[in-house]
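Here is a sequence together with a model predicted from it:
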Amino acid sequence: MAPDEEELYQEHILDHYEDPYHRGHCPACTHAHQDTNPLCGDVIHMELQLDQQGTMKEVYFNGDGCCISQAAASMLVEKFDGKTVDEVKKFTAKDMLDLFGVRLTPNRQKCCLLSWRVLQAAIYSPVAGDGAAAPSPPAGGKT
Amino acid sequence: MTTAMKPPALNPETYRPDFPILARKVHNGVALAYLDNAATTQRPRQVIRAIVDAYEQHYANVHRGIHQLARDSDDLYDAAREKVRAFINAPAVEQIIFTSGTTSAINLVARSWGDANVRAGDEILLTEMEHHSNLVPWQQLAGRTGAVLRHVPLTDDGLLQMDALDALLTDRTKLVSVAAVSNVLGTCNPIAEIIRRGHEAGAVVLIDGAQSVPHQKTDVQALDCDFLAFSGHKMLGPSGVGVLYGKRELLEAMPPFMGGGSMIRTVRLDGFEPGDLPYKFEAGTPPIVPVIGLGAAIDYLGQIDLDAVVEHERRLTEHTHEVLEAIGGLRILGPAPALKGGIVSFVFDSDRPHAHDVAEVVDRYGVALRAGHHCAMPLHQRYGVTATARASFYFYNTLAEVDKLGEALQQVKRVFRRK
């Protein structure tokens, strides 16, 4: 009889929800992107500092929405902070669902994948007028 | 209408056996508490049987056949229109137009009446609490015509600021369109007064009855509204059918909105002459069986005193307020229960846990809530929230189901470590 919501709202997910990794603004932001899940209104905004070698020196997120969307964003940012754009490009939607770990219904998969979509777009989204620091869209394979 | 005699209390258990789905278990054996009736209600066996009968015994296209089945379908279809007419006390069946739902009924008015009557600089008065279906069609009309949209603002506790009406209703106001009951706040708006004052300003008044017609007595002649829109699926009927009622002189002056079969008198290669009401607005094969099902739903509602439904739903709303206040740490949107229908929307403080997570957890305990913006994003912005959880009732809901919601919300607090 024990309902199985504990499967979904596991301790480590709640930890990310309540005490997220790098929630805020990237001080030397070069790239940023934001998107929403139009069905439920969840919002994720990502900012990153990308160097000429295609390394994301820092990744930050901000947002509003359900536990799944916000915890998933925190996990994703924690995983990719300091990693390269090539690694982001290779990171598939399935990888994102695996990173989250808990099996999700199709509707809640959209919550989980919102931050993944935003990060995939952010690496191609230089912040306008932010000086010479921002490299052109990373072409890959520079490390 | 002061201190009207209270109707005898409604006992939901009288009706629940008619609704097979209410008895089903979810999540491997958990009893269901269906509290999502503002989105759509369930159907009793009588409606389901009427739909099955229509397909098994009588089905053919309407208004164009000579054979027995076509006549059967004609009779059932026409009988349903008469049932709708009687249900809202419209003067004549020609003033009952079947649409696919409230949304298409409002769009019909915006496209047909709106395009013919609204000019640049004219004003359309809406409210900040409207459903998207009573906002977007008018935004589109304003985009086509250059008309200006105005909105009656809301008080902090979810009422229309009626003292703002005087300034908002001007000789430029062509149309007032307002929901009788808010689908989020549950607020029962003073539509009789809005209709009267709208008419004094020379405006046409449309009432969005999606959340009122299923629950309370509606008399379009007493109200004197110019248009009324509502949906079948929120009143025990099938989805895919709705109703537009309109005053005859308005409907007769309106050009057809969609062209096609059924809506014509004659067609030549270079033109057509539109048919009479109501067919002028019913191009194409209509939703035949949904209309018949709606007729059966009205038959079913006919055996229930709607005044008792209002009382019963208010008691459920009162109890929901009590239960939510006892839980604490959350905020109920909208006014006190006495000013509400059977709709209660709420958020946990600081949006934690978020409405979607609330709905997800209570679902594991069999409680079906809706979470989100409920197609009213501007309303949510007004109250500084992005999403709310909503419990909404119909006559078959019980106080025990509200208690179950309370217990499930305690589990939400436990899961989210809010104890």
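Yep, that arrived. All values derive from a computational prediction rather than experimental measurement.

Any buried residues in stretch A:99-106, and which?
A:Phe100, A:Leu104 (16 or more other Cβ atoms under 10 Å in any protein chain shown). Quick note: C-beta positions are derived from backbone N, CA and C, even for glycine.

Likewise for stretch B:5-14?
For stretch B:5-14, the neighbour count (16+ other Cβ under 10 Å) marks B:Leu10, B:Pro12 as buried.

tell me the mean pLDDT over it?
Stretch B:5-14 shows a mean pLDDT of 88.

Equivalent analysis for stretch B:218-238, please.
Average pLDDT, stretch B:218-238: 98.

now the end-to-end length of that stretch.
Stretch B:218-238 has its terminal residues 20 Å apart, counting by Cα to Cα, to the nearest Å.

centre of the chain versus it, how much separation?
8 Å (Cα atoms, centre = their mean, to the nearest Å).

now do stretch B:412-419
Put simply, stretch B:412-419 sits 34 Å off its chain's centre (Cα atoms, centre = their mean).

What of stretch A:106-118?
With Cα atoms, centre = their mean, you get 10 Å for stretch A:106-118.

Check which residues of it are buried.
Result for stretch A:106-118 [16+ other Cβ under 10 Å]: buried residues A:Arg108, A:Gln109, A:Lys110, A:Cys111, A:Cys112, A:Leu113, A:Leu114, A:Ser115, A:Trp116, A:Arg117, A:Val118.

thought the first one was touching B:Glu360?
Yes: counting by Cβ atoms under 8 Å, A:Arg108 sits close enough to B:Glu360 to count as a contact (7.4 Å).

intersection of neighbour lists for these two?
A:Leu8 (Cβ atoms under 8 Å, 6 or more residues apart in numbering or on different chains).

Nearest residue to B:Gly259 in space, please, no chain neighbours.
Once flanking residues are discounted, B:Gly259 sits nearest to B:Ala283: 6.0 Å by Cβ to Cβ, 6 or more residues apart in numbering or on different chains.

residues in contact with that neighbour?
Per Cβ under 8 Å, 6+ apart, neighbours of B:Ala283: B:Pro256, B:Met258, B:Gly259, B:Gly260, B:Gly261, B:Ser262, B:Met263.

cutoff 7 Å now
B:Met258, B:Gly259, B:Gly260, B:Gly261, B:Ser262, B:Met263 (Cβ atoms under 7 Å, 6 or more residues apart in numbering or on different chains).

could you flag which of those residues are buried?
B:Ser262, B:Met263.

Quick check: B:Ser262 touching B:Phe281?
No: the criterion here is Cβ atoms under 7 Å, and B:Ser262 misses it with B:Phe281 at 9.7 Å.

Who are the packing partners of the helix ranked longest in chain A?
Ranked by residue count and defined by DSSP state H, the top helix of chain A is helix A:106-122. Applying 3 or more Cβ pairs under 7 Å, 6 or more residues apart in numbering or on different chains; DSSP states H and E, one finds that helix A:106-122 contacts strand A:31-37, strand A:42-50, helix A:67-80, helix A:93-100.

For chain B, find the nearest of those.
For chain B, the closest of the helices and strands packed on helix A:106-122 is helix A:67-80, at 4.7 Å, according to Cβ to the nearest Cβ.

Please list the residues of chain B that sit near chain A.
Contact residues (Cβ under 7 Å from any Cβ of the partner chain) of chain B with chain A: B:27, B:353-354, B:356-357, B:360-361, B:364-365, B:372-373, B:386-387, B:415-417.

So which of these are in strands?
Among the residues of chain B next to chain A, DSSP state E puts B:Gly372 in strands.

before we move on, back to that, which SSE is the residue nearest to B:Gly259 in?
B:Ala283 belongs to no helix or strand when elements are defined using DSSP states H and E.

List the buried residues in stretch B:184-196.
B:Val184, B:Leu185, B:Gly186, B:Thr187, B:Cys188, B:Asn189, B:Pro190, B:Ile191, B:Ile194, B:Ile195.

Just the CA trace of it, in CSV.
The C-alpha trace of stretch B:184-196 is given here as CSV (Å, rounded to 0.1, in the frame of the first residue of the first chain):
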residue,chain,number,x,y,z
VAL,B,184,-9.3,29.6,-11.0
LEU,B,185,-10.6,31.8,-8.2
GLY,B,186,-14.1,30.2,-8.1
THR,B,187,-15.5,33.7,-7.8
CYS,B,188,-19.2,34.1,-8.7
ASN,B,189,-19.3,37.4,-10.6
PRO,B,190,-22.3,39.7,-10.4
ILE,B,191,-23.2,39.1,-14.0
ALA,B,192,-26.8,40.5,-13.7
GLU,B,193,-25.3,43.8,-12.7
ILE,B,194,-22.6,43.7,-15.4
ILE,B,195,-25.2,42.9,-18.0
ARG,B,196,-27.5,45.7,-16.9
